[in-house]
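K.L.:
here you go, sequence then predicted model.
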Amino acid sequence: MNGNRKGRRLRISPFSSPEVKKVVRRLPRFLLVAIYVMYLILGCFFDSISMMVLTLPFIAPVISDLGFSLLWFGVTYVPLAEVGLVTPPFGLNLFVLHGVVPKHGILTVARGALPFLIPTLFMVLLLTAFPEITLWLPSVLY
């Protein structure tokens, strides 16, 4: 059974059926969007290191088997984690900002941080659409 783009076998789970593997191979971008949504939701409740420690052992093999570069995913993960840290209800960076400016309420701080999410999500979209942006400098240096 041929694997993904790199010719390796897909190792999603030892219990995965061949049908599941076929579907996952056909929908790598959909699976990537699902991983992005998972990180955005987790970012509301966890800090970035906790998210990475909890999910990377499961996500890294999937990303690798789908043919995406782990370096590219690591660079794309950072803005995703930052968006999660500024998203209510438990965005940790919102509490830090509230501590710096205590005269404003947490909702005012959240509304003030909201416009910065749009360019960050646009950057994630660009990094996903054009992975060469992330991989150009390492390919030149190494």
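P.N.:
All right, it came through fine. Residues are numbered from 1 along each chain as shown.
K.L.:
C-alpha from now on. contacts and neighbour counts both.
P.N.:
Fine.
K.L.:
what residues sit buried inside the one helix or strand Leu94 maps to?
P.N.:
Secondary-structure assignment from DSSP states H and E places Leu94 in helix 92-100. By 16 or more other C-alpha atoms under 10 Å, the buried positions in helix 92-100 come out as 92-95, 97-98.
K.L.:
again with stretch 128-142
P.N.:
128, 131, 134.
K.L.:
report the rounded mean pLDDT for it.
P.N.:
Stretch 128-142 shows a mean pLDDT of 88.
K.L.:
using PDB, write out every CA atom in it.
P.N.:
The C-alpha coordinates for stretch 128-142 follow below in PDB (Å, rounded to 0.1, in the frame of the first residue of the first chain):
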ATOM      1  CA  THR A 128      -0.500  27.500   4.700                       C
ATOM      2  CA  ALA A 129      -1.100  28.500   1.100                       C
ATOM      3  CA  PHE A 130       2.600  29.300   0.400                       C
ATOM      4  CA  PRO A 131       4.800  27.100   2.600                       C
ATOM      5  CA  GLU A 132       7.800  28.400   0.600                       C
ATOM      6  CA  ILE A 133       7.600  31.500   2.800                       C
ATOM      7  CA  THR A 134       8.600  29.500   5.800                       C
ATOM      8  CA  LEU A 135      11.000  27.000   4.100                       C
ATOM      9  CA  TRP A 136      13.000  29.400   1.800                       C
ATOM     10  CA  LEU A 137      15.600  30.600   4.300                       C
ATOM     11  CA  PRO A 138      16.300  27.100   5.800                       C
ATOM     12  CA  SER A 139      16.700  25.700   2.300                       C
ATOM     13  CA  VAL A 140      19.200  28.400   1.500                       C
ATOM     14  CA  LEU A 141      21.200  27.900   4.700                       C
ATOM     15  CA  TYR A 142      21.200  24.200   4.900                       C
END
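K.L.:
nothing else from me, thank you.
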